[in-house]
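Trainee: Quick one, fold the following:
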Amino acid sequence: MKIKNVEAFWLRCPIPPAKQHRSDYGLLTEFDMTLVVVTTESGLQGFGEAKAAVGSSGSCASIVSCVENELKPILVGQDVRNISRLWEMIYNGTRDHYALNRGRKFPILGRRGLTVSAMSGVDTALWDIKGKMLGVPVVELLGGACRDSMPAYASGGWAGVDKIGEQLLSYTAKGFKGVKMRVGIMDDTVQESIKRVKAAREALGDNIKLMTDAHGTFSVPEAKQFCRGVEDCNLYWFEEPISPDNKVGTAEVRASTAIPIAAGESEYTVFDVRDLIDLRALDVVQPDSAIIGGITEAMRTAHLANTYQLELAPHCWGSAFSFMAGVNVAFAAPAATIIEFSLGGNPMMYDLVEENIEAIDGQIAAPTAPGLGLTPNWDFVKEFKQTVR
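Mentor: Predicted structure coming up:
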């Protein structure tokens with residue numbers, strides 16, 4: 001079955017004012033994503049997401065251009081079933097024959113950054129097609145589900161010290177047994193972040209998992225100071241304490257504290273994650289299927305985490321397509337025990353697709369529908385598609 005067409009759509013949808021929040025990224029009023037569509041000669045379609053930013057908002061014009069002008073010419077006419085071969089063809093460019101003959105990489109210059117994000121959307125769409133062809137969910141193609149259901153943690157937590165307890169309790173009231181709150185430069189001072197975390201723990205009690213995420217905004221000394229200040233708060237993990245560009249610094253922070261350090265959402269390919277592991281920089285690995293290189297590379301990362309006995313917790317802040325990609329990887333991975341579930345304003349999670357995505361009593365059930373199990377709402381796509389010149 002050959003590929004007939006590859007398309008990419010930059011979607012930008014406003015977030016209703018009542019669901020907007022402010023973080024270090026500013027007041028988030030819009031949500032962006034790139035929807036990648038691969039169509040076979042038989043008319044079967046697969047869907048994936050490619051990200052221009054780890055957060056909610058970012059320009060996707062370059063990704064659209066990369067998919068349609070650089071990746072599409074490589075893919076059209078190829079057998080859609082050969083996902084691994086197609087990944088190597090894109091990653092290695094004109095030297096792909098060397099890569100496939102010698103069993104090692106001969107990568108293009110764009111082996112990191114938005115080219116790999118664009119690859120991510122294509123790769124996820126190919127897995128979606130293959131699942132639909134065989135009538136099975138992607139998780140079955142990855143080896144099958146390790147468990148029947150998994151706990152989800154509520155991802156949000158932007159309120160100030162006087163409201164953070166109330167905000168997080170509104171999440172646990174929905175059945176979540178774990179919550180994540182944002183800290184870092186959005187609080188102006190390290191002491192303010194510490195106060196907010198202490199207030200959160202006091203409100204939640206001892207039996208709720210509490211994670212913190214600094215979005216990479218602390219300096220190394222600030223991150224160490226924060227860790228010392230919240231050592232008695234029983235954090236499940238501290239995510240992206242400092243810039244992802246400073247992997248040695250992340251290792252330095254980890255060496256200074258007993259709090260588990262999480263990272264990986266800003267990394268491209270399993271090679272970047274390998275470098276973090278080599279530096280002993282993290283305890284929890286967080287690949288984003290819409291950034292790291294698709295389901296293919298997220299699963300390679302999952303195997304790496306399992307080999308080094310690290311926890312896997314895919315980054316699932318995005319549209320329904322990257323969420324379900326992460327969910328399928330998580331269920332197939334022995335190292336994954338918990339899934340991120342966005343509690344922020346996110347129309348791409350709920351309005352972009354026909355299906356309802358929900359965590360029931362804080363639990364996500366193992367996928368059962370063919371492929372990713374999602375159907376785009378084409379009226380939504382038409383309404384919020386952006387023009388790319």
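Trainee: Check the gap between the residue lying farthest from the centre of the chain and residue 293 for me.
Mentor: Distance to the chain centre peaks in the chain at residue 101, reaching 32.0 Å (criterion: C-alpha atoms, centre = their mean). For residue 101, the distance to residue 293 (C-beta to C-beta, to the nearest Å) stands at 21 Å. Backbone N, C-alpha and C define where each C-beta goes, glycine included.
Trainee: Next: residue 204.
Mentor: Residue 204 sits 36 Å away from residue 293, going by C-beta to C-beta.
Trainee: Of those two, give the one with the bigger neighbour count.
Mentor: Taking other C-beta atoms under 10 Å, residue 204 and residue 293 do not tie; residue 293 has more neighbours (32 against 22).
Trainee: re the thing from before, that's a strand at the residue farthest from the centre of the chain, yeah?
Mentor: No. Using DSSP: H, G, I helix; E, B strand; the rest coil, the secondary structure at residue 101 is helix, not a strand.
Trainee: Would you mind measuring from it to residue 86?
Mentor: For residue 101, the distance to residue 86 equals 16 Å [C-beta to C-beta].
Trainee: got it, and residue 28?
Mentor: With distances taken as C-beta to C-beta, residue 28 is found 34 Å from residue 86.
Trainee: What of residue 284?
Mentor: In terms of C-beta to C-beta, residue 284 sits 30 Å off from residue 86.
Trainee: Give me the buried stretch members for stretch 210-227, please.
Mentor: Applying a neighbour-count criterion of 16 or more other C-beta atoms under 10 Å, the buried positions in stretch 210-227 are 210-220, 222-227.
Trainee: Likewise for stretch 371-389?
Mentor: Judged by neighbour count using 16+ other C-beta under 10 Å, the buried positions of stretch 371-389 are 371, 372, 373, 374, 376, 377, 380, 384, 388.
Trainee: What sits closest to the third one if chain neighbours are left out?
Mentor: In space, and not counting its chain neighbours, residue 373 is closest to residue 367: 5.8 Å by C-beta to C-beta, 6 or more residues apart in numbering.
Trainee: List the contacts of the one you found.
Mentor: Residue 367 is in contact with 137, 138, 139, 145, 324, 327, 328, 331, 373, counting by C-beta atoms under 8 Å, 6 or more residues apart in numbering.
Trainee: Could you tell me how far the last one is located from residue 135?
Mentor: To residue 135, residue 373 is 12 Å away according to C-beta to C-beta.
Trainee: For the residue nearest to residue 373, give me the pLDDT.
Mentor: The score at residue 367 is 98. That number is its pLDDT.
Trainee: returning to what we had before: looking at residue 28 and residue 86, which one has more neighbours?
Mentor: Between residue 28 and residue 86, residue 86 has the larger neighbour count (other C-beta under 10 Å), namely 24 against 19.
Trainee: Assign that one to helix, strand or coil.
Mentor: Classified using three-state DSSP, residue 86 is helix.
Trainee: who does the helix or strand where residue 89 lies touch, helix- and strand-wise?
Mentor: Taking DSSP states H and E as the criterion, residue 89 maps to helix 83-92. Judged by 3 or more C-beta pairs under 8 Å, 6 or more residues apart in numbering; DSSP states H and E, the packing partners of helix 83-92 are helix 72-75, helix 96-102, helix 114-134, helix 294-307.
Trainee: I'd like the distance between residue 304 and residue 271.
Mentor: With distances taken as C-beta to C-beta, residue 304 is found 10 Å from residue 271.
Trainee: Return the member of the contacts of residue 367 nearest to residue 12.
Mentor: Proximity of the contacts of residue 367 to residue 12 (C-beta to C-beta) peaks at residue 324, which lies at 21.1 Å.
Trainee: what about that closest one, how many neighbours?
Mentor: By the criterion of other C-beta under 10 Å, residue 324 has 29 neighbours.
Trainee: after whatever helix or strand it lives in comes which helix or strand?
Mentor: Assigned by DSSP H and E, residue 324 belongs to helix 320-332. Moving toward the C-terminus from helix 320-332, the next helix or strand (DSSP H and E) is strand 339-342.
Trainee: which SS state does residue 245 fall under?
Mentor: Taking three-state DSSP as the rule, one finds residue 245 in the coil state.
Trainee: Contacts only, for it.
Mentor: By C-beta under 8 Å, 6+ apart, no residues touch residue 245.
Trainee: got it, and residue 39?
Mentor: 3, 4, 5, 6, 7, 45.
Trainee: Buried ones among these?
Mentor: 3, 4, 6, 45.
Trainee: Which single one of the residues you listed is nearest to residue 58?
Mentor: Distance to residue 58 across the buried ones among the contacts of residue 39 (C-beta to C-beta) is lowest for residue 6, with 21.2 Å.
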